[in-house]
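A.B. asks: output the structure for:
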Amino acid sequence: MKKFNEIIVANKKYNFSLVIPTTNRDGVTVTHVERNEQYTLESSIENGGFSNEQSVFNFVGIFNTKRKIQVATVVIDPASGNKILGTPTINIEKLYRGTKIDDDTNVEVVLTDTANTYKLFYSSKSVIPEGIRFILSYSEIINVAKNDEITRVSFGGTTIKQSGERRNITVIGTPYTPFELTLVDSDNNSTLPTSVANSTTILNTGEEVPSISSSTDSNGRYSFIYNFPRTPRIIKTAINGSMAASGATKIIFDDLTGVEVGDKLYMKQIPTGKCIKVITLNPDGDNVNECTVSESITAADDAPVQFRRSTFYNLNITSTSTLNSSIPTTYPTYTLNQFSDTLVKLRLKKTPTDYTVSDGTTTGGASDTTFDYCFYGAANYSVNSRAIRRSRYSNSQENNVSFQFVLDGVGVKTLSITKQPTKGDFTNIDPTKNGGNEIRITNLKAVSSAGGGIVTLFINFYIYKFGTEDVTVELDLDTIVS
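C.D. replies: Numbers count the residues shown, from 1 in each chain. All right, here's what the predicted structure looks like:
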């Protein structure tokens, strides 16, 4: 409801001045626009020739209270070799700061596509005192154009924890060097916080995305905080049936749409830190919602489960000045990978069904042709120091195991050793070909028991570094025993 003392005016007079400090009287010019018979512009110089010299521009006219008007285009031309830092700001003179006039009146500066050129807009809900002054402030930067360079981008390494991380991303270079930075996910969707994204740009892939268009500060740095989320969820579903009630590796789910081999399972029945992944989809060819997983899961019908997948982010930086030679010139400049835990599987393979394999805790059936032992750890981190092992592997399985595998003949079957095992009998132990997994196998030996019914296989299996790809390291027992 309209108050009786509220006056609605369609048009109001304005009479205000814009004050622009200048280091020399030729450094600043103002060109007015939208001139008409109700609009005048006068300019003068105050304190001419002194260090506090300033240009004063007086605007007088009538405006519609329902819209803001553009009253001028301000051109700030610095001396040769200098440049203006950022967009100028405007504040009302000190006498009126924090008053209703300050709240109701706005003089806004907007950068145009032309260098050092700004549009000046005015709006007010009040009749302001005649001759009120607004002060424009800007920073003129001296003699930096010749040495502008972005020297590096700091973001804390190219591997992100699967649980997500809070990172400080910092652009480092000479003071006031311009740059443009984008951060996109694997689908080329920008993930920059809206609080820092202030422009847009076109990626090499053709997408237009938000960007940070800014410059380093007086210390040569620009920083912002980014919270990388956990690995993306592919689907939330549930176990369909009782096949896993007593433990199973082949399980039917309500829905596996979008799930791929290598996706990691998350459910309360899987202990914290343990890594179970999809090994095969539709293993029998008769149900697209069935898969085999890397280790047995014990869970009832309708037990909820999530599938999550490794991903990556592309960070790209460009500059109208110079990028240091240490910064890649390819697109993207940097790729930050977010891997699920890496799964390393030690597998003993055999063809005969007349003997069993046991690790002392679990014994495979005679008809089983493989016996697997799984290791898992944070991708792309070595475990050669206690500090790293505590921080990265506190929930992971022990990565250094001395095995005594017992090969036991069924019934009257006797086993004989055909050759002593060597490191060369194992597949996928070259880190240049197995995704960077550095594995050491030592103390290999096969020993027959009295009577020849049992062969004990000694293996010291040590993972020095988990790589970025899951791998199965396989030993063919058919070459060792018969």
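A.B. asks: could you check the pLDDT of the nearest residue to D148 once chain neighbours are set aside?
C.D. replies: Leaving aside its sequence neighbours, D148 sits nearest to S321 (CB to CB, 6 or more residues apart in numbering; 3.4 Å). (Each C-beta comes from the backbone N, C-alpha and C, glycine too.) Note for S321: predicted pLDDT of 89.
A.B. asks: S321 contacts I150, correct?
C.D. replies: Yes. Using CB atoms under 8 Å, S321 is in contact with I150, at 7.1 Å.
A.B. asks: neighbour-wise, which of those two wins?
C.D. replies: I150 (25 against 19; other CB atoms under 10 Å).
A.B. asks: give the closest residue to the more buried one in space, chain neighbours not counted.
C.D. replies: Excluding its sequence neighbours, the residue lying closest to I150 (CB to CB, 6+ apart) is G173, at 4.0 Å.
A.B. asks: anything in contact with each of S321 and I150?
C.D. replies: Common contacts of S321 and I150 (CB atoms under 8 Å, 6 or more residues apart in numbering): 177, 179.
A.B. asks: count of neighbours near the nearest residue to G86 once chain neighbours are set aside?
C.D. replies: Of all residues not flanking G86 in the chain, S139 sits nearest, at 6.6 Å (CB to CB, 6+ apart). Residue neighbour count, defined by other CB under 10 Å, stands at 12 for S139.
A.B. asks: assign S139 to helix, strand or coil.
C.D. replies: Counting by DSSP: H, G, I helix; E, B strand; the rest coil, the backbone at S139 sits in strand.
A.B. asks: quickly list what it is bridged to.
C.D. replies: L85 (DSSP bridges).
A.B. asks: identify the residues contacting it.
C.D. replies: 84-86.
A.B. asks: ranges for the strands of the stretch 201-350 of the chain?
C.D. replies: Here the stretch 201-350 of the chain has its strands, by DSSP state E, counting those that start in this stretch, at 208-215, 221-228, 233-238, 248-252, 264-266, 278-281, 290-297, 304-308, 311-318, 322-323, 334-338, 342-349.
A.B. asks: any chance of the contacts of S139 in JSON lines, plus distance to R167?
C.D. replies: Output for those, formatted as JSON lines (distance: CB to CB, whole Å):
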{"residue": "I84", "distance to R167": "32"}
{"residue": "L85", "distance to R167": "27"}
{"residue": "G86", "distance to R167": "25"}
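A.B. asks: buried ones among those?
C.D. replies: Among the contacts of S139, those classed as buried by 16 or more other CB atoms under 10 Å are 84-85.
A.B. asks: nearest to I327, of the contacts of S139?
C.D. replies: Of all the contacts of S139, the one sitting nearest I327 is L85; the distance, using CB to CB, is 22.8 Å.
A.B. asks: I'd guessed that closest one sits against Y176; true?
C.D. replies: Yes. Using CB under 8 Å, L85 is in contact with Y176, at 5.6 Å.
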